[in-house]
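>>> need coordinates for the below:
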Amino acid sequence: MGFKLSSLFPAMRPKLNDGWMSVVFAADRFDFAHIRRLKGQKPEVLLLKSVQRSDDDANVLSALRKPMGLDHYRCSNLLRMGEYKLLQVELPAVPAAEIKEALRWSVKDLIDFPVESATLDMVEIPRDSGAAGKSNQALAVVADNALLASRMEMFDDANVPLEAIDIPEMALRNISALYEEADCGLATLCFDNSGVTLIFTFHGELYSSRHTDIPLGQLEKAEGGRREQLFERIALEAQRSLDNFDRLNSHIRMSRLMVSPLPTVPGLVVYLGAYFSLPVVEIDLADVLDFRAIPELSNPVNQAQYLKTLGAALRD
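Numbers count the residues shown, from 1 in each chain. Predicted coordinates for the structure are as follows:
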């Protein structure tokens, strides 16, 4: 999934480096990551960098274009929570060429901007071949054209080619796919200042997602009974999602619940481990990525900060 932007490119471009360069906007900084995939080996992290944002993001990107060689990469950018809608929808019974247009009108009451000025993309959720009578489902992502245009204009003004715009759930899917066990589903729980995101994957496909509005900063500051309440709410929301996923996808056996690195919230992973019957494992990216060129990624704090950025750079 992702909004394809190949029309931005001139006919001639510099020779591109292998893999993707992800550019992710945090509240006060740009995060960059470049990963190269090698057959039969762990994906290799070749670049990881944070740069302070300013009042003119295009100027910051423009100043980085030559020193970072940004015009020598396929660049992607992640939308932030609140800049798009991710909806699970039933696929209309129309010819394949008409599905997106039919979906556009089926989601018009679920978005807070005019559907006529929206861009829509979708990925079909694989069906259980043994389940008769179930309707085909899809995940549809919808974003306002004005927002996409401003993002594209920023990169264009900086003379940094932007090839794709993606969403955080798909970036997390790319991380989750590296941890999947053969023929088992996986739940992945991610914590950052946008809140708590829980995704379910199977055979490398994103099946569903749930977002809970508990920013990481709120968890870090909470103490005593308040922290216990937040832990309980997170566990309860995740359990409800797990139960719902199992009800809708009984053919998928879940192997474990992966949790993004949480060095600043001690005790949560242990709490979740005692709450769930599934094994709960904190992510250590050393298990699935080769970052010998970026030793600072051994630090769980950096793994937590760059998790979605790295996931976006794993785009295939």
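
>>> ok, Gly195 to Ile214 distance?
6 Å (CB to CB, to the nearest Å). Backbone N, C-alpha and C define where each C-beta goes, glycine included.

>>> where does Thr197 fall, phi/psi-wise?
Backbone torsions of Thr197, given as degrees, to the nearest 10, read phi -120, psi 130.

>>> for it, give me its contacts.
With contact set as CB atoms under 8 Å, 6 or more residues apart in numbering, Thr197 has these partners: Pro168, Glu169, Leu172, Leu189, Cys190, Ser209, Arg210, His211, Thr212.

>>> mind listing what the last one touches?
For Thr212, the contact set (CB under 8 Å, 6+ apart) comprises Gly195, Val196, Thr197, Leu198, Arg233, Ile234, Glu237.

>>> for Met81, identify the helix or strand it belongs to.
Per DSSP states H and E: Met81 is located in neither a helix nor a strand.

>>> I'd guessed it sits against Ser194; true?
Yes - Met81 is within contact range of Ser194, at 4.1 Å (criterion: CB atoms under 8 Å).

>>> who touches both of the two?
In contact with both Met81 and Ser194: Pro168, His211, using CB under 8 Å, 6+ apart.

>>> okay, now the nearest residue in space to Lys308 that is not next to it in sequence: neighbour count?
Setting aside the residues directly before and after it, Lys308 is nearest to Ala171 in space (CB to CB, 6 or more residues apart in numbering), at 4.7 Å. By other CB atoms under 10 Å, the residues close to Ala171 number 26.

>>> surely Ala171 is within a strand?
No - per DSSP: H, G, I helix; E, B strand; the rest coil, Ala171 lies outside any strand segment and is helix.

>>> angles on the backbone of Phe291, please.
phi -120, psi 40.

>>> what about it, how many neighbours?
21.

>>> ok, it touching Asn299?
No - contact criterion CB under 8 Å: Phe291 and Asn299 do not qualify, at 10.7 Å.

>>> where does the stretch 1-150 of the chain dip in pLDDT?
1-14, 129-135 (pLDDT under 70).

>>> hmm, back to that, out of the contacts of Thr212, which are buried?
Val196, Thr197, Leu198, Ile234, Glu237 (16 or more other CB atoms under 10 Å).

>>> could you chop the protein up by domain?
Listed domain ranges for the chain are 3-80+147-166, 85-144, 168-283 (source: automatic domain parsing).

>>> just to revisit the earlier point, just the contacts of Thr197: which are in helices?
Among those, the ones falling in helices (DSSP state H) are Pro168, Glu169, Leu172.

>>> quick one: which of these is nearest to Gln218?
For these, the closest approach to Gln218 (CB to CB) belongs to Pro168, at 18.4 Å.

>>> leaving out chain neighbours, which residue sits closest to the closest one?
Excluding its sequence neighbours, the residue lying closest to Pro168 (CB to CB, 6+ apart) is Lys308, at 5.2 Å.

>>> that neighbour: which element?
helix 300-313.

>>> would you indicate which residues of the helix ranked longest in the chain are buried?
Counting by DSSP H, the longest helix found in the chain is helix 224-248. For helix 224-248, burial by neighbour count (16+ other CB under 10 Å) applies to Arg227, Leu230, Phe231, Ile234, Ala235, Glu237, Ala238, Ser241, Leu242, Phe245, Leu248.

>>> what does stretch 88-106 give?
Val89, Leu91, Pro92, Ile99, Leu103, Arg104.

>>> give me the contacts around it.
For stretch 88-106, contacts defined as CB under 8 Å, 6+ apart pick out 107, 115, 118, 120-122, 124-125, 135-140, 208.
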